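[1] got a predicted structure here, sequence first:
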Amino acid sequence: MRIAIIGSGGREHAICQKIYESKKVKKIFCIPGNGGTSKIANNVEININNFDEIKSFLINKNIDLTIVGPEEPLVNGIVDFLTNEGLKVFGPDKFCSRLEGSKIFTKKICKSENIPTANFKIFKDKLSSLNYLKEKKYPIVVKADGLAAGKGVYICENFSDAYKAVEEIFKGKFGKAEEVLIEDFLVGEEMSFFILYDNNSFKIFNTAQDHKRVFEEDKGKNTGGMGAYSPSRLNNSKLEKKIINKIILPTLKYLKNESGKYVGFLYAGLMINNNEPYLIEYNVRMGDPECQTILPLLKNDFIEVLNNCLNGTLEKINLEWKNEKSICVVLTSKGYPEKFEKNILIQNLENLKIKKNEYIYHAGTKSVKNKFYSTGGRVLNFVSLDRSFKVARDKALYLIKALNWKNGYHRNDIAFKVIDNL
Ligand code: AMP
Ligand code: GLY
């Protein structure tokens, strides 16, 4: 088969690597890919929002299957667009992608289907939002409705924080805002829960916990993700049943009733409190860095899994997972998520000795004349599997140390909740 992958992050390199391992695959193209994917696939420089150019490329190259990694093209309707041209695409349609594209859309489904989530209210103007915020207990959460690359969520400790949030949102910091979402602060611990869905049946695609904050002990600014571990320590069969029955099934039923077509990953961001799940948000794709953490655990031929998903025969597949723990530590450019330098040479990368069950996935890198340079905030993902989380993390940290990239920064405490740090 000839495969195209849309995206350029660590998630897409992990997908590319897994597909590369399949005997069914002859050729892979990454649009636009990164330094890592360039070694096992052909990178193609097309803007991921230029659907016309992507379509022409896929047709010209006789692509059998296109996998969409990131949310933006999904929310903009790339699946509907390419499917209408007769192309096979892995990802949900535009209607279903609203689960991630509009937080208010998801909240309305929660309300109509009785899905456990934080209590919320939607306001159309600043004045009524502020009147409500004056009466509320803090902390409280203020959210912009649309895609905001993880930045449209404000956890407000007091009225003055909330005032600023409402003002920024209505001033258009995240695009024209007609509404704002205000919700109660949920207490508990977060878990990322994934399913694979073929629009008929679904399979659980493992769990993870990510670390979004830049500094150790989960302090500092939010980032795209500094690392993750899988499976989540919170998961158990009782909880899983509740997540499926109270959250996943009612959502899938709603989408189906509205004639949505969902073929892809669904990622539920959950808050777990006393073994009860509450939906924080949906994403219509794999998580990053959760994808890099989870995919190496999968034993199946990934292309076979995806083909069954596209053919509506996912039910026939038995997903098999390695009986190991996985840890991903992200190496970022120094200064990320604020100011950082780009185009810094990463020496030594090719010389690192990678053992079995160790993986390095590229994110913000490019390859020029066989040398790698950084191009973004999150640069490399070091993933390691082992029977013990502690050993897995030690191995990932050892590789980072061996790389010794002077412009790099990483956290040493990824997965601290499952590893005794003393
Ligand atoms: P998001 O950008 O939607 O992924 O949200 C970012 C983060 O904000 C989530 O991962 C949670 O840590 C936090 N968050 C969002 N909504 C709530 C809530 N209602 N209560 C507590 N934390 C929240
Ligand atoms: N790990 C968070 C995300 O992918 O949105």
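    Here it is on my side, so go on. All of these numbers come straight from a predicted model, not from anything done at the bench. Numbering: from 1, shown residues only. Ligands and ions are numbered 1, 2, ... in the order given.
[2] what residues does the stretch 151-300 of the chain have near ligand 2?
    Applying Cβ under 6 Å from any ligand atom, we find that the stretch 151-300 of the chain lies next to ligand 2 at Asp210, Gly225, Asn283, Gly287, Asp288, Glu290. Any C-beta I mention is one placed from the backbone N, CA and C, and that applies to glycine too.
[3] please, which helix or strand holds the residue nearest the centre of the chain?
    Closest to where the C-alpha atoms of the chain average out (Cα atoms, centre = their mean) is Gly287, at 1.8 Å. Following DSSP states H and E, one finds Gly287 outside all helices and strands.
[4] for it, what are phi and psi?
    phi -80, psi 160 (degrees, to the nearest 10).
[5] heads up, I number from 710, so please use that
    In the new numbering, first residue 710, that becomes Gly996.
[6] so who does it touch?
    Applying Cβ atoms under 8 Å, 6 or more residues apart in numbering, we find Gly996 in contact with Arg720, Ser901, Phe903, Ala917, Asp919, Gly934, Ala937, Tyr976.
[7] run a quick neighbour tally on the fifth one.
    Each residue near Asp919 was counted by other Cβ atoms under 10 Å, and the total is 25.
[8] that one: which element?
    Assigned by DSSP H and E, Asp919 falls in strand 911-924.
[9] so which helix or strand takes in the closest residue to Val850 other than its chain neighbours?
    Distances taken as Cβ to Cβ, 6 or more residues apart in numbering put Glu892 closest to Val850, at 4.9 Å, once the chain neighbours are dropped. Under the criterion of DSSP H and E, Glu892 resides in strand 889-893.
[10] list the buried ones in the next helix or strand after that strand?
    Once strand 889-893 ends, the next helix or strand along the chain (criterion: DSSP H and E) is strand 898-906. The neighbour-count check on strand 898-906 (16 or more other Cβ atoms under 10 Å) flags Glu899, Met900, Ser901, Phe902, Phe903, Ile904, Leu905, Tyr906 as buried.
[11] with pLDDT added, can I get these in CSV?
    Converted to CSV, the buried residues of strand 898-906 look like this (pLDDT from 0 to 100):
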residue, pLDDT
Glu899, 96
Met900, 97
Ser901, 97
Phe902, 98
Phe903, 98
Ile904, 98
Leu905, 98
Tyr906, 98
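[12] among the contacts of Gly996, which two are most distant?
    Phe903 and Gly934 (14.5 Å; Cβ to Cβ).
[13] for the protein, give me the ranges with low pLDDT.
    859, 1130-1131 (pLDDT under 70).
[14] please enumerate the helices of it.
    Ranges of helices in the chain, per DSSP state H, are 719-729, 760-769, 780-784, 787-793, 803-810, 812-822, 835-844, 868-879, 946-951, 958-966, 999-1003, 1011-1019, 1098-1112.
[15] can you say which of those is nearest to Glu1050?
    helix 1098-1112 (17.2 Å).
[16] so how far is that closest one off the chain centroid?
    23 Å (Cα atoms, centre = their mean, to the nearest Å).
[17] the residue nearest to Tyr872 when sequence neighbours are not counted and ligand 2, how far apart?
    Distances taken as Cβ to Cβ, 6+ apart place Leu839 nearest to Tyr872, at 6.5 Å, with adjacent residues excluded. Per Cβ to the nearest ligand atom, to the nearest Å, Leu839 is found 29 Å from ligand 2.
[18] repeat that for Ile776.
    From Ile776 to ligand 2 the distance is 16 Å (Cβ to the nearest ligand atom).
[19] contacts only, for that residue.
    Counting by Cβ under 8 Å, 6+ apart, Ile776 has contacts Ile712, Ala713, Ile714, Ile715, Ile724, Ile728, Val798, Phe799, Gly800, Leu1015.
[20] the second one and Gly1021, how far apart?
    When you say that, I think you mean Ala713. 21 Å (Cβ to Cβ, to the nearest Å).
[21] neighbour count: the two, which is higher?
    It is Ala713, of Ala713 and Gly1021, that has more neighbours when counted by other Cβ under 10 Å, with 25 against 12.
[22] coming back round to it: what is the nearest of the buried residues of strand 898-906 to ligand 1?
    Glu899 (5.6 Å; Cβ to the nearest ligand atom).
[23] how about that closest one: what's its closest non-neighbour residue?
    Met980 (5.9 Å).
[24] now the chain against ligand 2: closest residue?
    For the chain, Cβ to the nearest ligand atom, closest residue to ligand 2: Gly996, 3.5 Å.
[25] for that residue, give its distance to Lys921.
    Counting by Cβ to Cβ - Gly996 and Lys921 are separated by 11 Å.
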